[in-house]
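>>> no sequence on this one, just coordinates:
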């Protein structure tokens, strides 16, 4: 059974930790794909594309893909999207890849992603 934990960051704003299946910590991409990602102040900065945040691009070209650990996201019911608390430099310097190819999704790469965000893997 998936669980969600509530966090309040203001009088009317409710954030939920990303729901997870307790047995294996996976979330179906169909539940989050296309969901907006915001800063804590409500500025939209991207959207969830699979488990990778997609930044920019025009007509689907030239976009940057930035993997984020689920623990770096909180869901805001008020915003109807995920909130990531990171400054511009942190996001801009995070590990990324372009439309020309995905990285090897192995333990070395996952450890790099989690390490960058300061989250134990």
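Now that the structure is in, tell me what you want to look at. Note that the structure is a prediction, hence the values are computed from the model and not measured.

>>> C-alpha from now on. contacts and neighbour counts both.
OK.

>>> can you give me the strands in the protein?
2-3, 6-8, 14-17, 20-21, 36-38, 44-49, 52-55, 64-67, 74-76, 81-83 (DSSP state E).

>>> pLDDT on the fourth one, on average?
The one in question is strand 20-21. For strand 20-21, the mean pLDDT works out to 44.

>>> out of the strands of the chain, name the one with the poorest average pLDDT.
Among the strands of the chain, strand 2-3 carries the lowest mean pLDDT (a mean of 33).

>>> show residues contacting the lengthiest helix in the chain.
In the chain, assigned by DSSP state H, the helix with the most residues is helix 107-116. Defining contact as CA atoms under 8 Å, 6 or more residues apart in numbering, one finds that helix 107-116 is touched by 67-69, 94-95, 103, 120-121.

>>> could you rerun that using 7 Å?
67, 69, 94-95, 120-121 (CA atoms under 7 Å, 6 or more residues apart in numbering).

>>> quick check: mean pLDDT across that helix?
On average, helix 107-116 scores 90.

>>> for that helix, buried residues please.
Residues of helix 107-116 classed as buried: 110, 113-114 (neighbour count, 16 or more other CA atoms under 10 Å).

>>> quick one: the residues you listed as TSV, columns for distance to residue 35 too.
Shown next, in TSV, are the buried residues of helix 107-116 (distance: CA to CA, whole Å):
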residue	distance to residue 35
110	22
113	21
114	21
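
>>> separation between residue 36 and residue 107?
27 Å (CA to CA, to the nearest Å).

>>> scratch that, residue 118 is what I was asking about
The spacing between residue 118 and residue 107, counted by CA to CA, is 16 Å.

>>> next: residue 46.
In this view, residue 46 and residue 107 are 26 Å apart by CA to CA.

>>> residue 92 now?
Applying CA to CA to residue 92 and residue 107 gives a distance of 23 Å.
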